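K.L.:
Everything below, folded, please.
(2 chains)
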Number of protein chains: 2
Amino acid sequence: MSAVTKPLLATIGGERQERPPVWIMRQAGRYLPEYRAVREKAGSFLELCYTPALAAEVTLQPLRRFDLDAAILFSDILVIPDALGQRVRFEQGEGPRLEPMTPEGLGKLRPEALGSHLAPVLETLERVKADLAPDKTLLGFCGSPWTVATYMIGGQGSSDQAAARLFALRHPEAMARLFDILVEASAAYLVAQFRAGADAVQLFESWAANLDDAQFAAYVVAPNRRIVERVRGEIPGAPIIGFPRGVSGSRLAAYVEGTGVDVLGLDYAVPVREAQQSLPPQLPVQGNLDPLRLAAGGAQMEAQAEAIIDAFRTRPHIFNLGHGIVPETPIGHVERLVEIVKQGR
Amino acid sequence: MSAVTKPLLATIGGERQERPPVWIMRQAGRYLPEYRAVREKAGSFLELCYTPALAAEVTLQPLRRFDLDAAILFSDILVIPDALGQRVRFEQGEGPRLEPMTPEGLGKLRPEALGSHLAPVLETLERVKADLAPDKTLLGFCGSPWTVATYMIGGQGSSDQAAARLFALRHPEAMARLFDILVEASAAYLVAQFRAGADAVQLFESWAANLDDAQFAAYVVAPNRRIVERVRGEIPGAPIIGFPRGVSGSRLAAYVEGTGVDVLGLDYAVPVREAQQSLPPQLPVQGNLDPLRLAAGGAQMEAQAEAIIDAFRTRPHIFNLGHGIVPETPIGHVERLVEIVKQGR
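P.N.:
Got it, this is the predicted structure:
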């Protein structure tokens, strides 16, 4: 720990603050004109992720505009399959595309290529760390294995992850092999992120909603726990935020208890009162304003932000959206939100 | 009530059976070769919905193959906007497409056209009723207002319903007007379905997952309650199943209590033990096998089906999938599932 306090990192560690620290999922993104300017120079989206000078620049941009408590590495959850040799392309306005993985294709993945392929991402973290004010927390991240697997198997995003769910039922042994590869790769990648300067990391489980009990236990809870254990084996006490999007009810507590994450990130659809009542009282939570409330702005946004802060007043709380900020969000709405979070209405 | 008992209708009414009655969401569908044969003759998908002889035929097809306890009207949730004048087309392999609704476009909706436009659907019900064995339950249905509105506003399906959610935040008065129209149209349509022979109806709230508390209360619970009340004003005690897909945790009980539905349909992602413990002990539930477990078949499907039956043994239970059957499902898997449900493994 440095001598200067990092309020967001302290909150991850279990310290309650008077007003919650704040960052915004996808805070380096298309709603910012300065981001769009860099994005145009960078060629493809993945080239931007793999060019440390540009990736560090866009990582730092939102902190120049807003009084945010964290910078989050500019990258993508699909750099892992890309690094393993299952190449990823981003089509304009279409999202990511991959050649769908088959059980036979697993043998072609190249875990040994991971380190060199992702070296530029680690250099981005080093550059950001050098420029970041000492009271700001530097966050790294990776996609959780189930979420990454849904793209690897389906070849693209989908609303129900049917391809991956069916693959898991038809080829359970191949699925276990894929998860072994993803757990090892993700843990190694996160350890390297900590060594490159990350103060904490977030595990993005973006597609955790469409699983029954057995699959939730096998493909969400267990592999995230394995990653947490492996990372902490190398980086004792490594601070980790888990964000199981689309999860609610009794599975939230099961996810926290089962994985060992320090902070539970809440989807905007999680009822705040239910979360407050059902989760362990000292558990730090993160979230959970609907990004569309921020895009629409005005009184409804301000009221909802304050209601979330009120609901979680008794526990450590990191304010955030309940999913990524959307490109059409006016910058003035973000300024107002950060002002409210920091100072009250 | 006829002299012959309808086990599924009795279960809706709160009677527990030794083995659960069973039907399958989208049981009349593309996994059946006899359906595909009719579908090819029918021109467009909506033409099939609006041609009583053909729609009645496909409604009855699955009951000739499997020992199911209900026939469900073959139709689509989007016949309501189509009938109101917002025309719907189904693109091959693409799902429905509509010209997206604007606040100004609301004035062009024509509720007075509903009755004549949907007359063929009612004739389908009459035809099915005439041919249906007396121990089988005839189910009607409609889409719930929020779900239908997401298609009307977004112009198509989406994984996060962003267009409708943003419309609701930016144009709350227009949204309220749209919901008034949809509540009235849906209630009138369901009353007509009961008068045409439906024994019970299901409200499909297929996109209930991505809403925060205030929106869930305003756009899911309240309008479904208004429909239930209006239908029961005309058809006292009308049996109604509510299926809020993607809902779990405390919202399940809130949905049942707030809407007044008789039966709660459960998504396959709802943990069965949590549902069993958190819902009122006499509440009939419906569900909730993952359709992909049925598609994959074998021991995992049989074990999961029996686990669901076991979990809900103490309450009235209608066995069903937790979402619609998928086209690639082998017919032998359906035969085996129905056998298990009826007789045990």
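
K.L.:
and stretch A:282-290, which residues are buried?
P.N.:
For stretch A:282-290, the neighbour count (16 or more other CB atoms under 10 Å in any protein chain shown) marks A:283, A:284, A:285, A:286, A:287, A:288, A:289, A:290 as buried. Where you see a C-beta, it was placed from the backbone N, CA and C, and this is true even at glycine.

K.L.:
I misspoke; the intended subject was stretch A:133-144.
P.N.:
Buried positions in stretch A:133-144, judged by neighbour count with 16+ other CB under 10 Å: A:136, A:137, A:138, A:139, A:140, A:141, A:142, A:143, A:144.

K.L.:
And for stretch A:43-58?
P.N.:
Buried-residue list, stretch A:43-58, by 16+ other CB under 10 Å: A:45, A:46, A:48, A:49, A:50, A:51, A:52, A:54, A:55, A:56, A:57, A:58.

K.L.:
try stretch A:85-95
P.N.:
Neighbour-count burial for stretch A:85-95 [16+ other CB under 10 Å]: A:86, A:88, A:90.

K.L.:
Look up the closest residue to the last one, ignoring the ones flanking it.
P.N.:
The shortest distance from residue A:90 to any residue that is not its chain neighbour, by CB to CB, 6 or more residues apart in numbering or on different chains, is 4.2 Å, and that residue is residue A:45.

K.L.:
quick one: pLDDT of the one you found?
P.N.:
Listed pLDDT for residue A:45 reads 94.

K.L.:
Quick one: residues contacting it.
P.N.:
Each residue near residue A:45 by CB atoms under 8 Å, 6 or more residues apart in numbering or on different chains is listed here: A:39, A:76, A:90.

K.L.:
circling back: check the buried residues of stretch A:43-58 against chain B and report the nearest one.
P.N.:
residue A:45 (19.8 Å; CB to the nearest CB).

K.L.:
quick one: residue A:320 is in a helix?
P.N.:
No: counting by DSSP: H, G, I helix; E, B strand; the rest coil, residue A:320 is not part of a helix but strand.

K.L.:
any chance you could map the helices in the stretch 151-300 of chain A?
P.N.:
With helices called from DSSP state H, counting those that start in this stretch, the stretch 151-300 of chain A shows them at A:162-170, A:172-195, A:213-215, A:222-234, A:250-259, A:272-278, A:291-296, A:299-311.

K.L.:
pLDDT averaged over the shortest one - what is it?
P.N.:
For helix A:213-215, mean pLDDT is 93.

K.L.:
again, but for the second one
P.N.:
Averaging pLDDT along helix A:172-195 gives 98.

K.L.:
Which other helices and strands does it contact?
P.N.:
Where contact means 3 or more CB pairs under 8 Å, 6 or more residues apart in numbering or on different chains; DSSP states H and E, helix A:172-195 is packed against helix A:79-84, helix A:114-131, strand A:137-143, helix A:145-154, helix A:162-170, strand A:200-205, helix A:222-234.

K.L.:
Format the buried residues of stretch A:282-290 as JSON lines; extra columns: distance to residue B:19.
P.N.:
Listed next are the buried residues of stretch A:282-290 as JSON lines, based on distance: CB to CB, whole Å:
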{"residue": "A:283", "distance to residue B:19": "42"}
{"residue": "A:284", "distance to residue B:19": "47"}
{"residue": "A:285", "distance to residue B:19": "43"}
{"residue": "A:286", "distance to residue B:19": "45"}
{"residue": "A:287", "distance to residue B:19": "43"}
{"residue": "A:288", "distance to residue B:19": "42"}
{"residue": "A:289", "distance to residue B:19": "47"}
{"residue": "A:290", "distance to residue B:19": "43"}
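
K.L.:
Return the helix or strand in chain A with minimum mean pLDDT.
P.N.:
One helix or strand of chain A scores below all others by mean pLDDT, DSSP states H and E: strand A:88-91, with a mean of 90.

K.L.:
Quick check: next helix or strand after that one?
P.N.:
Toward the C-terminal end, the helix or strand that comes next after strand A:88-91 (DSSP states H and E) is strand A:95-98.

K.L.:
OK, contacts around residue A:54?
P.N.:
Counting by CB under 8 Å, 6+ apart, the residues that residue A:54 touches are A:38, A:41, A:42, A:48.

K.L.:
What helix or strand is the last one located in?
P.N.:
Same thing as residue A:48. Here residue A:48 is assigned to helix A:45-49, by DSSP H and E.
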